[in-house]
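Novice: Predicted model follows, preceded by the sequence.
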Amino acid sequence: MQQPYSVVIPARYASARFPGKPLHLLNGVPMILHTAKRAEESSAAVVVVATDDERIARVCTDAGLDVEMTREDHPSGTDRIAEVAQRRQWTDDQIIVGLQGDEPATPAAHLDLLAGNLQAHPDADMATLCMRMTSAEDYANFNRVKVVRDHSDMAIYFSRASIPAQRSALLTDKPTTDATLPASYLHIGMYAYRCGYLHRYQNLQPCELENEEQLEQLRVLYHGGRIHVGAVQNSPARGVDSPDDVAVLEVYLSKLSV
């Protein structure tokens, strides 16, 4: 039986590419409320929105959501989630799934899967998801993060680069096509954590790899943490990185009841 878990949704107003993103209307509804709805569709025992902005807090509170006001200086969503865990005095073995506020199309089943995967792998500090890549365009796109796993589905490395690289393509300078795409996996950027590890994470120093790639999960690997990476067949989940992503999400969300 899967133990009860919590979902924490970090949401900040500031964004270099898309200021005010959590409150942007998707089909007439603020993005953060779409995201919270996906979390409420899961089997999570608790859903909390963690923000540092009164405007976001007001919209969520008016919608009846549980809101935790957090500090403004958090460098990542993981740090914001850790503050919530500390404030609420959750036990070290409590499992938390972090769902970014700009992931309004995340299937609820993926949240349950993440929590279950972490529970099933006590040797892992965190858990995340991936899916087989089928597009050479995604393989070459630095905004699409790739992951390489070992034989037990533990993460070896995450990168914005095209990994694993094709030696033959590099030697011949031939572009990778859909037909010649290697066995490559696209990272789905959600995480499950144990509270005890979140507390340790806050004391880990950022590493050069993290700074170069701008991927906070590399801090975990650099300091010896283990991340289980479960595979899903497909995922409609797509984050909103810029205003250009809005139209695609609206089409998908129009098919869901909100």
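Specialist: Yes, it's here.
Novice: Give me the neighbour count for residue 90.
Specialist: 19 (other Cβ atoms under 10 Å). (C-beta placed from N, C-alpha, C; glycine too.)
Novice: Before we move on, what's the pLDDT of it?
Specialist: pLDDT, residue 90: 95.
Novice: what residues does the host helix or strand of residue 67 touch?
Specialist: Assigned by DSSP states H and E, residue 67 falls within strand 66-69. Strand 66-69 has contacts (Cβ atoms under 8 Å, 6 or more residues apart in numbering) with 8, 46-52, 57, 60-61, 83-84, 87-88.
Novice: Could you list every helix and strand in contact with the next helix-or-strand element following it?
Specialist: Following strand 66-69 in sequence order, the next helix or strand is helix 77-87 (DSSP H and E). Here helix 77-87 touches strand 5-11, strand 46-51, strand 66-69, strand 95-98, strand 185-194, helix 195-201, going by 3 or more Cβ pairs under 8 Å, 6 or more residues apart in numbering; DSSP states H and E.
Novice: and of those, who's closest to residue 137?
Specialist: Closest to residue 137 of those is strand 185-194 (Cβ to Cβ; 11.6 Å).
Novice: Check the offset of the closest one from the chain's centre.
Specialist: Chain-centre distance of strand 185-194: 5 Å, with Cα atoms, centre = their mean, to the nearest Å.
Novice: for stretch 53-60, same thing?
Specialist: Centroid separation between stretch 53-60 and its chain, computed with Cα atoms, centre = their mean, is 21 Å.
Novice: model confidence over it, on average?
Specialist: On average, stretch 53-60 scores 96.
Novice: Check which residues of that stretch are buried.
Specialist: Within stretch 53-60, the residues that count as buried by 16 or more other Cβ atoms under 10 Å are 53, 56-57, 59-60.
Novice: before we move on, what about stretch 166-173?
Specialist: residue 166.
Novice: With stretch 101-110 instead?
Specialist: 101-108, 110.
Novice: And stretch 70-85, by the same measure?
Specialist: By 16+ other Cβ under 10 Å, the buried positions in stretch 70-85 come out as 70, 74, 76-85.
Novice: residue ranges for the helices of this structure, please.
Specialist: 31-40, 54-62, 77-87, 108-120, 136-140, 167-172, 195-201, 208-213, 217-222, 246-253 (DSSP state H).
Novice: Residue 215 versus residue 208, what's the distance?
Specialist: 12 Å (Cβ to Cβ, to the nearest Å).
Novice: Low-confidence bits of the stretch 101-250 of the chain, can you list those?
Specialist: Filtered on pLDDT under 70, the stretch 101-250 of the chain yields the residue ranges 236-239, 241-242.
Novice: One more pass at 80, please.
Specialist: The stretch 101-250 of the chain contains residues with pLDDT under 80 at 234-249.
Novice: before we move on, the earlier item: how about CSV for the buried residues of stretch 101-110, with distance to residue 121 added?
Specialist: Formatted as CSV, the buried residues of stretch 101-110 follow (distance: Cβ to Cβ, whole Å):
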residue, distance to residue 121
101, 27
102, 27
103, 23
104, 28
105, 26
106, 21
107, 21
108, 21
110, 16
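Novice: related to what we said a few turns ago, widest-spaced pair of the buried residues of stretch 70-85?
Specialist: Maximum pairwise distance among these (Cβ to Cβ): 14.2 Å, between 76 and 85.
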